[in-house]
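Peer 1: Following is a predicted model, sequence given first.
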Amino acid sequence: MNVELPDTVAASTGMPRIGEPAPAFEAETTHGTLRLEDFKGSWLVLFSHPADFTPVCTTEFVAFSKAHPKLRKLGCELMGLSIDSVYSHIAWVRNIEKNFGVEIEFPVIADLNKEVASLYGMIMPGESKTETSRCVFIIDGQQTIRAIIYYPLTTGRNIEEIVRVIKALQTTDQLGLATPADWQPGEPMIVPPPSTQEQAAVRVGEAGIDCTDWYFCKRTV
Amino acid sequence: MACIESDGTLSHSAQAILRLAEEETPAEALARLLGRPLYTVRSSLRELEAAGLVSSSAGGYTVTPAGRARAEGAPAGESTS
């Protein structure tokens, strides 16, 4: 049986894709009215959480806050979002500061009308029609979506993995090399495979790279 | 953290922007001088421009006479002419 979803929920099932421009928005936040374009030139981690004053989200906010200085060094800002009021956000970040001694310096969008959540496909109706899931959009300085990570309501995010992805993307942008599984900064990177037989023949004898086979070569940088 | 409250009161950071935006100052320079993230400065400048307290050009932002008066402590709505 087909169930017709209300417009707001149906709209939320659309989502932007990697490589596409991040959808523009203007939103009320704990730092006043902000637009996506205000972050132009910086990388941005735009992430949603299900609700204020919930335990898993609290652990994530503490972890994001602890990673904030590291992200800033990478030229990356943070912005949270949930379907709560700005007053709820303010009360919650103050509560986190009081109970956990951690100051939340990044803005949090109060998306009561689900406008931004719908734009970014942050609501998973099969899981909850009233809360945003744990979505992460990594947006570069040109405001292109570079990575998307989704976690369900019950699983707190691995913040170090988000930092690692940003470092990997920035290193790839800089060097034109890809990153293998579980790559960490300083480890060898993947040389993009050759696309012709002639290049493949040259590749295996190339100096400065370590090839297991013509398509599988690494370079230490 | 709106830089202009509903009663027209300016936040400390808004007042600091008005004092620093002397002559076509880029938002990036203001952010550096204030030690604040660029996105918050851009947001504040948008509010201040809408209120007629700064003007923008290709080179950056310049405090208007009304903005200068507010930076010096004149209350909201007071004539500056």
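Peer 2: It's in. Residues are numbered from 1 along each chain as shown, chains lettered A, B, ... in the order given.

Peer 1: Quickly note the distance from the residue nearest to residue B:26 when sequence neighbours are not counted to residue B:38.
Peer 2: Excluding its sequence neighbours, the residue lying closest to residue B:26 (C-beta to C-beta, 6 or more residues apart in numbering or on different chains) is residue B:60, at 4.0 Å. In short, each C-beta sits where N, CA and C put it, glycine included. Per C-beta to C-beta, to the nearest Å, residue B:60 is found 13 Å from residue B:38.

Peer 1: next one: residue A:204
Peer 2: Counting by C-beta to C-beta - residue A:204 and residue B:38 are separated by 47 Å.

Peer 1: and chain A, which residues reach chain B?
Peer 2: Contacts of chain A with chain B, taken as C-beta under 8 Å from any C-beta of the partner chain, map to A:30-35, A:37-39, A:41-42, A:77, A:107.

Peer 1: which of those are buried?
Peer 2: Among the residues of chain A next to chain B, those buried by neighbour count (16 or more other C-beta atoms under 10 Å in any protein chain shown) are A:30, A:31, A:32, A:33, A:34, A:38, A:39, A:41, A:42, A:77, A:107.

Peer 1: Mind putting those into TSV with pLDDT?
Peer 2: TSV is the format used below for those (pLDDT from 0 to 100):
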residue	pLDDT
A:30	97
A:31	94
A:32	93
A:33	95
A:34	97
A:38	98
A:39	98
A:41	96
A:42	97
A:77	98
A:107	98
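
Peer 1: quick one: which of the residues of chain A next to chain B sit in strands?
Peer 2: If you go by DSSP state E, those have A:32, A:33, A:34, A:35, A:77 in strands.

Peer 1: Check whether the closest residue to residue A:178 other than its chain neighbours sits in a helix, strand or coil.
Peer 2: Residue nearest to residue A:178 in three dimensions, not counting chain neighbours: residue A:190, with 4.1 Å by C-beta to C-beta, 6+ apart. The three-state label given to residue A:190 by DSSP: H, G, I helix; E, B strand; the rest coil is strand.

Peer 1: repeat for residue A:137
Peer 2: strand.

Peer 1: For the residue nearest to residue A:132 when sequence neighbours are not counted, give its distance to chain B.
Peer 2: Among residues not flanking residue A:132 along the chain, residue A:48 sits closest, at 3.7 Å (C-beta to C-beta, 6+ apart). Distance, residue A:48 to chain B, using C-beta to the nearest C-beta, to the nearest Å: 18 Å.

Peer 1: Run a quick neighbour tally on residue A:48.
Peer 2: Number of residues near residue A:48 (other C-beta atoms under 10 Å in any protein chain shown) recorded here: 26.

Peer 1: What of residue A:210?
Peer 2: Residue A:210 - counted by other C-beta under 10 Å - has 12 other residues nearby.

Peer 1: wait, what's in contact with it?
Peer 2: Taking C-beta atoms under 8 Å, 6 or more residues apart in numbering or on different chains, we find residue A:210 in contact with A:188, A:217, A:218, A:219, A:220.
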